[in-house]
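Asker: okay, predicted coordinates and the sequence, questions at the end:
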Amino acid sequence: MENKEMAMDDVAATGFLNPAREVLARFGKMKINVAEAERWGSTVVGGGLVLYGLKRRSWTGLLIALAGGGLMLRGIMGRSVFYRMIGINTATGQGLPGQDLSNGLIRVDKSLAIARSPEDMFRFLRAVENLPRFFGHLRSVRVVDGHRSVWTAKMPAGLELEWEAEIWEERENRKIAWRASGVAGLRSEGSLILDPLGDGTRTQVGVHLEYDLPAGKVGRTFARLFGKHPDRLIDEELHRLKSLMEAGA
């Protein structure tokens with residue numbers, strides 16, 4: 001009887017381990033799809049989470065440690081199941097929509113129709129202190145003069161980044177273009193394009209952004225690990241602008 005129970009336990013254990021072994025085998029056969037800098041970031045952050053989780057000596061700590069172990073495995077092996085599922089390979093430069101990894105720059109192009117005239121849109125957007133009302137990644141914009149302002153942005157891990165921006169191109173009721181200055185290593189420029197629709201009571205608002213975070217690849221790695229992807233973020237912010245303007249801002 002005892003031998004029979006042991007045999008049943010062995011069968012149960014084998015039944016549990018076989019799927020895990022199959023997953024690990026498939027993971028091992030995957031091609032590397034995580035960029036070198038991102039692998040380093042995953043390994044360092046994962047190791048920190050493992051140490052932190054183990055020190056807590058609790059179930060929550062165990063879950064944190066397991067998550068950290070997953071990040072470490074991702075970094076050491078250079079393979080991401082999630083990336084494979086959605087068709088990303090940062091090791092070869094195949095990034096998310098709206099992101100150009102070939103030259104280290106992040107580019108975003110988005111547009112949305114808003115039921116307000118180009119004149120109304122331009123008046124609101126030209127007052128750059130209004131930008132944080134819908135650009136959620138901005139904490140504040142302080143006007144210096146007619147073309148210069150100081151922008152403060154929210155960064156991963158609760159940090160902030162501040163820089164001066166200047167409006168370098170302006171076409172009334174059609175376009176506002178700005179670029180950053182005053183921060184070493186920060187390349188950031190963007191524009192808002194306003195195209196009238198129909199009888200002119202609606203506007204197609206286009207946003208173009210092009211930027212590179214300070215600290216090069218490491219900065220982009222941590223932005224990807226802890227922040228939303230810029231393409232999705234700008235899409236959300238355009239819809240926030242739409243709600244704001246159509247509510248009568």
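Answerer: Happy to help now that I have it.

Asker: would you say Arg123 is within a strand?
Answerer: No. Applying DSSP: H, G, I helix; E, B strand; the rest coil, one finds Arg123 to be helix, outside a strand.

Asker: tally of neighbours for it?
Answerer: By other Cβ atoms under 10 Å, 14 other residues sit near Arg123. Quick note: C-beta positions are derived from backbone N, CA and C, even for glycine.

Asker: can you pull the contacts of it?
Answerer: Applying Cβ atoms under 8 Å, 6 or more residues apart in numbering to Arg123 gives no contacts.

Asker: could you measure it against Asn130, distance?
Answerer: 10 Å (Cβ to Cβ, to the nearest Å).

Asker: for Gly200, which non-adjacent residue is spatially closest?
Answerer: Once flanking residues are discounted, Gly200 sits nearest to Ser117: 5.8 Å by Cβ to Cβ, 6 or more residues apart in numbering.

Asker: quick check: that neighbour touching Thr203?
Answerer: Yes. Here Ser117 reaches Thr203: they are 6.5 Å apart, a contact under Cβ atoms under 8 Å.

Asker: so what sits against both of these two?
Answerer: Pro196.

Asker: neighbour count: those two, which is higher?
Answerer: Thr203 (25 against 18).

Asker: quick one: low-confidence ranges for the protein?
Answerer: The model of the chain has pLDDT under 70 over residues 1-30, 33, 37, 81-105, 155-159, 182-186, 212-230.

Asker: change it to 90
Answerer: The chain contains residues with pLDDT under 90 at 1-50, 52-110, 135-139, 146, 151-164, 180-190, 209-236, 248-249.

Asker: and the helices in it?
Answerer: Applying DSSP state H to the chain gives helices spanning 2-29, 36-56, 59-77, 81-85, 118-126, 216-226, 230-246.

Asker: tilt between the second one and helix 59-77?
Answerer: Counting by axes from the mean of the first three to the mean of the last three Cα atoms, to 10 degrees, helix 36-56 points 160 degrees away from the direction of helix 59-77.

Asker: pull out the buried positions in helix 36-56.
Answerer: Ala37, Glu38, Arg39, Gly41, Ser42, Thr43, Val44, Val45, Gly46, Leu49, Val50, Gly53 (16 or more other Cβ atoms under 10 Å).

Asker: that helix - contacts with which helices or strands?
Answerer: Secondary-structure packing of helix 36-56 (3 or more Cβ pairs under 8 Å, 6 or more residues apart in numbering; DSSP states H and E): helix 59-77, helix 216-226.

Asker: okay, that helix in CSV with CA atoms only?
Answerer: Only the C-alpha atoms of helix 36-56 are listed here, as CSV (Å, rounded to 0.1, in the frame of the first residue of the first chain):
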residue,chain,number,x,y,z
GLU,A,36,22.7,44.2,-24.1
ALA,A,37,22.0,47.4,-22.1
GLU,A,38,18.5,46.2,-21.2
ARG,A,39,19.9,42.8,-20.1
TRP,A,40,22.3,44.6,-17.7
GLY,A,41,19.5,46.7,-16.3
SER,A,42,17.3,43.6,-15.8
THR,A,43,20.1,41.7,-14.1
VAL,A,44,20.9,44.6,-11.7
VAL,A,45,17.3,45.4,-10.8
GLY,A,46,16.4,41.7,-10.5
GLY,A,47,19.3,41.1,-8.2
GLY,A,48,18.2,44.0,-6.0
LEU,A,49,14.7,42.7,-5.8
VAL,A,50,15.9,39.2,-4.9
LEU,A,51,18.0,40.6,-2.0
TYR,A,52,15.2,42.9,-0.8
GLY,A,53,12.6,40.1,-1.0
LEU,A,54,14.7,37.6,0.9
LYS,A,55,15.4,40.1,3.7
ARG,A,56,11.7,40.6,4.3
